[in-house]
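Enquirer: The sequence and its predicted three-dimensional model are supplied below.
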Amino acid sequence: MPKRKSKYLYERISPRNAAIFIIIATLLISGGAAFAYFGIRAFYRARALDPKYHILSILQEGKGEARLETDALAEILELSQDHPTNIYLFDQEQAKKKLLNYPVISFAEVRRVKPSTISINYNTREPIAFLPEFENTAIDQSGVYFPYRPFFEPKKLPEIYLGNERAESGLEILDWITKNCCDETLKLCLIDISCATSTVLGKREIVVCFEERFDKLDAHRHFTYTAPRYLRLPAKEWKKALQRFLKLRPYLFEHQVFSEIDPLQAVICCPPILVDLRLKSSAIFQTVESI
């Protein structure tokens with residue numbers, strides 16, 4: 001039997017009609033895309049100009065001793081109410097970089113809270129010592145220098161004199177002394193490593209100053225005394241020298257010269273004792289009026 005042609009066979013489209021169909025489809029697609037593009041663009045432009053999305057407030061959460069004023073954060077991020085920034089045009093990553101470039105800040109996180117708020121979470125550096133050779137400068141555990149005032153409350157911290165030495169060397173000594181020497185009666189005041197690598201052998205040393213605090217009964221009354229201890233240590237074996245000093249503390253107390261009692265003073269300062277521990281087998285000490 002002869003095969004029957006299916007009634008579903010399509011008629012062949014002429015080249016002219018095919019070309020017209022392609023042109024119409026192209027115009028529809030490109031026109032729709034252009035309409036969507038310009039519509040979205042107009043939406044973003046209108047949103048960028050909408051005062052509802054101007055940044056008007058900053059929420060901050062800080063960890064650490066220092067506290068930054070909101071005005072200071074706004075200045076760092078270059079935000080101003082006179083020239084408001086649209087929240088959708090605010091670059092969070094760029095803002096984070098600006099905060100991390102601020103010397104007091106060690107960690108920062110910034111996010112947008114729509115419609116008009118910026119939230120900032122940050123950590124500030126923890127000062128562990130002052131660097132007197134630089135004006136208003138403190139240092140943290142990682143060796144970063146940063147200004148102390150006006151971010152931190154006034155308090156006593158050890159001082160480190162570096163000279164031409166690396167800060168890491170001073171921080172190593174500070175960390176060891178804090179863990180192995182200091183207590184409620186012995187406070188670290190100063191570390192001087194400026195001559196630790198001196199080319200003159202007689203000047204090569206590390207100087208450490210402690211403040212020793214003790215109570216003493218005089219005239220049927222307890223008085224609190226403080227006595228500075230200036231130690232001259234060898235540049236290399238300073239740990240062993242400090243361990244010898246700790247054993248010498250009772251002996252130094254026996255030879256301490258006490259100042260006259262002043263009933264009006266809560267704490268009485270005694271003359272300092274200079275202890276030379278640079279020689280391995282001996283310790284030379286003397287009471288001095290001042291250093």
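Expert: Okay, I see it.

Enquirer: Point out where the stretch 101-250 of the chain drops to low pLDDT.
Expert: The model of the stretch 101-250 of the chain has pLDDT under 70 over residues 218-220.

Enquirer: quick one, helices of it?
Expert: 167-180, 238-254 (DSSP state H, counting those that start in this stretch).

Enquirer: Contacts for the shortest one next, please.
Expert: Applying CB atoms under 8 Å, 6 or more residues apart in numbering, the contact partners of helix 167-180 are 128-129, 139, 141, 143, 145, 158, 160, 162, 188, 191, 193, 196, 206, 208, 238-239, 242-243. In this view, the C-beta of every residue, glycine as well, is placed from N, C-alpha and C.

Enquirer: That helix: how far from the chain's middle?
Expert: How far helix 167-180 lies from its chain's middle: 18 Å, per CA atoms, centre = their mean, to the nearest Å.

Enquirer: Could you check the angle that helix makes with helix 238-254?
Expert: Interaxial angle of helix 167-180 relative to helix 238-254 (axes from the mean of the first three to the mean of the last three CA atoms, to 10 degrees): 50 degrees.

Enquirer: Buried ones in helix 167-180, by neighbour count?
Expert: Of the residues in helix 167-180, those buried by neighbour count under the rule 16 or more other CB atoms under 10 Å are 167, 169-171, 173-174, 177.

Enquirer: what's the answer for stretch 55-66, then?
Expert: Those would be 55, 58, 62, 64, 66, for stretch 55-66 by 16+ other CB under 10 Å.

Enquirer: Can I get it as CSV, trimmed to CA atoms?
Expert: Extracted in CSV, the C-alpha atoms of stretch 55-66 (Å, rounded to 0.1, in the frame of the first residue of the first chain):
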residue,chain,number,x,y,z
ILE,A,55,22.7,57.7,55.8
LEU,A,56,21.6,59.5,59.0
SER,A,57,22.9,57.4,61.9
ILE,A,58,25.8,55.1,62.9
LEU,A,59,25.4,52.2,65.3
GLN,A,60,28.7,51.1,66.9
GLU,A,61,29.8,48.3,69.1
GLY,A,62,33.4,48.4,70.2
LYS,A,63,35.6,46.0,72.3
GLY,A,64,38.7,47.2,74.1
GLU,A,65,39.6,50.0,76.4
ALA,A,66,39.4,52.7,73.9
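
Enquirer: Next, name the residue at the spatial heart of this structure.
Expert: With distances taken as CA atoms, centre = their mean, residue 125 lies nearest the centre of the chain, 2.4 Å away.

Enquirer: Does that residue touch residue 144 like I think?
Expert: Yes. At 6.3 Å, residue 125 counts as touching residue 144 under the criterion of CB atoms under 8 Å.
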